[in-house]
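In: Coordinates for the following, if possible.
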Amino acid sequence: MMHPQMSLMFGDIFFENKIYIMEIKIDQNLYADSLKAALKVDFLKSSKELKLYAASIYNASMWGREIDKKLAIRTRINPSPIQQ
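Out: Below is the predicted model:
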C-alpha cells in the first residue's frame, strides 16, 4: 500500500494506489518566483526537496496575501485613530 502523499505543484493526491485530481488554481508567476527563490538555497539536496521548498514558499506567500486582504478589509471597516 502506498503512503498518503500530496503533490502541491500538480494537485494530485495519491492514496491507496488511487489518484485523485484536485482543481487547484495556481498563480504561475508567484510559483515561478518561489522556485527561483528556492534555487538560491544551498542546503537542498534533491529535486524533490527543491519542489517541496518552492511549494512552501508559494504557500507562505499565498497565506500572506490572504492576511493582507483581511487586514485591508478590517482597516476599511474600522480605521485606527491614526488614520482618521
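
In: for this protein, what spans make up the strands?
Out: Taking DSSP state E as the test, the strands found in the chain are 5-7, 12-15, 18-21.

In: what helices or strands is the helix ranked longest in the chain leaning on?
Out: The longest helix of the chain (DSSP state H) is helix 47-77. With contacts taken as 3 or more Cβ pairs under 8 Å, 6 or more residues apart in numbering; DSSP states H and E, helix 47-77 sits against helix 28-39. C-beta: built from backbone N, CA, C; applies to glycine.

In: quick revisit: tell me the buried residues in the longest helix of the chain?
Out: Of the residues in helix 47-77, Lys51, Leu52, Tyr53, Ala54, Ala55, Ile57, Tyr58, Ser61 count as buried by neighbour count, 16 or more other Cβ atoms under 10 Å.

In: Run a quick neighbour tally on the nearest residue to the fourth one once chain neighbours are set aside.
Out: Meaning Ala54. Sequence neighbours aside, Ala38 is the residue nearest to Ala54 in space, at 4.0 Å (criterion: Cβ to Cβ, 6 or more residues apart in numbering). The tally of other residues near Ala38 (other Cβ atoms under 10 Å) stands at 19.
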